[in-house]
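Peer 1: what follows is a predicted protein model with its sequence.
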Amino acid sequence: MTETTGPTTAATPERTTLRVNHLAGVALLVIDRPRRRNAVDLATARAISAALDELDSSDRLRVAVLTGSGGVFSAGMDLKAFAERGERPVVEPRGGFGLVERPPRKPLIAAVEGPALGGGFEMALACDLVVAGESATFGLPEVRRGLTAAAGGLLRLPRRIPRNIAMEMVLTGRPLTAARCAELGLVNQVVPDGAARGAALELARLIADNAPLAVQASKDVLTASLDWSQDTQFARQEEFVDPVRRSADAREGAVAFAERRAPRWQGR
């Protein structure tokens with residue numbers, strides 16, 4: 001992939017807290033607070049929220065990768081900012097970390113190196129796919145700090161892995177390895193340490209090459225249908241899939257297949 005630099009946001013007096021690059025249809029979001037183990041303060045949450053707003057509104061961007069700098073994904077909420085200023089990294093309407101209550105409509109991939117703990121893990125849980133370095137760890141240690149995993153951990157984790165294992169993680173606070181998370185289906189790929197970002201970008205490229213309307217509608221159905229009853233689910237998916245079926249991209253896909261060429265998607 002050829003890297004082209006896009007907007008950079010969330011400047012602080014010390015350094016930029018989020019770096020955003022655009023890579024041929026892929027937005028790469030890098031939390032860059034290595035001295036704080038990429039813990040998220042309010043400024044960083046606002047930057048993440050703004051970057052995801054841009055992802056959803058852009059005709060050029062089709063998928064995003066979220067990662068951290070310095071071999072750490074994220075330690076979650078910046079407890080120092082909370083203790084000193086009472087600051088919580090909550091940005092409406094996306095919620096905690098600028099992400100967890102309202103993830104983007106377009107696909108989001110977490111590229112995890114090192115620890116993804118507490119809110120860092122909850123950010124990964126808000127992503128659609130997870131690629132992890134082999135030394136990465138995932139955990140919700142909130143009960144050890146007198147807190148609860150209220151940024152989506154208690155809600156999403158038992159939907160991603162067996163309930164009893166989710167319960168053990170939450171009640172003990174003990175983390176799981178990347179390999180164990182892959183066994184449980186929580187992690188899509190485990191790669192050598194240092195390779196998570198590259199592997200996630202390659203996965204993002206595969207998604208970006210597909211028809212954008214079809215990708216977005218497919219994610220919408222997969223997400224929304226968790227609460228649909230069995231006797232209504234086929235009818236309810238029609239509002240998402242019928243516009244795709246009638247789109248110019250659907251016609252282009254069929255013509256390109258017949259002509260044995262790569263399709264030229266228009267997103268309409």
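Peer 2: Perfect, thanks for sending it. Numbers count the residues shown, from 1 in each chain.
Peer 1: just the helices in the chain please.
Peer 2: 42-57, 79-85, 119-125, 153-160, 163-172, 178-183, 196-208, 212-224, 233-245, 248-259 (DSSP state H).
Peer 1: out of those, deepest packed?
Peer 2: Most buried of the helices of the chain, by mean neighbour count (mean count of other CB atoms under 10 Å): helix 119-125, with a mean of 29. C-beta here means a position set from N, CA and C on the backbone, and glycine is covered the same way.
Peer 1: so how far is that helix from its chain's centroid?
Peer 2: Between the centre of helix 119-125 and the centre of its chain there are 9 Å (CA atoms, centre = their mean, to the nearest Å).
Peer 1: swap in stretch 129-148?
Peer 2: Worked out by CA atoms, centre = their mean, stretch 129-148 lies 15 Å from the chain centre.
Peer 1: by mean pLDDT, show me the worst of the helices of the chain.
Peer 2: Mean pLDDT is lowest for helix 79-85 out of the helices of the chain, coming in at a mean of 78.
Peer 1: what's in contact with it?
Peer 2: Arg36, Ala39, Asp41, Leu42, Glu87, Arg88, Pro89 (CB atoms under 8 Å, 6 or more residues apart in numbering).
Peer 1: just checking, the third one touches Val91?
Peer 2: When you say that, I think you mean Asp41. No: using CB atoms under 8 Å, Asp41 makes no contact with Val91, being 11.3 Å away.
Peer 1: Gly98: which of the helices of the chain is closest?
Peer 2: Closest of those to Gly98 is helix 42-57, at 3.3 Å (criterion: CB to CB).
Peer 1: the closest one to helix 212-224, inter-axis angle?
Peer 2: In terms of direction (axes from the mean of the first three to the mean of the last three CA atoms, to 10 degrees), helix 42-57 departs from helix 212-224 by 120 degrees.
Peer 1: what helices or strands is helix 42-57 leaning on?
Peer 2: Packing contacts for helix 42-57, counted by 3 or more CB pairs under 8 Å, 6 or more residues apart in numbering; DSSP states H and E, involve strand 9-11, strand 16-23, strand 26-31, strand 63-68, strand 90-91.
Peer 1: to Thr232, which of these lies closest?
Peer 2: strand 63-68 (29.7 Å).
Peer 1: buried residues, the closest one. List them.
Peer 2: Val63, Ala64, Val65, Leu66, Thr67, Gly68 (16 or more other CB atoms under 10 Å).
Peer 1: can you add pLDDT and distance to Gln230 and give those residues back as CSV?
Peer 2: Shown next, in CSV, are these (pLDDT from 0 to 100; distance: CB to CB, whole Å):
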residue, pLDDT, distance to Gln230
Val63, 98, 30
Ala64, 98, 33
Val65, 98, 35
Leu66, 98, 34
Thr67, 98, 38
Gly68, 96, 40
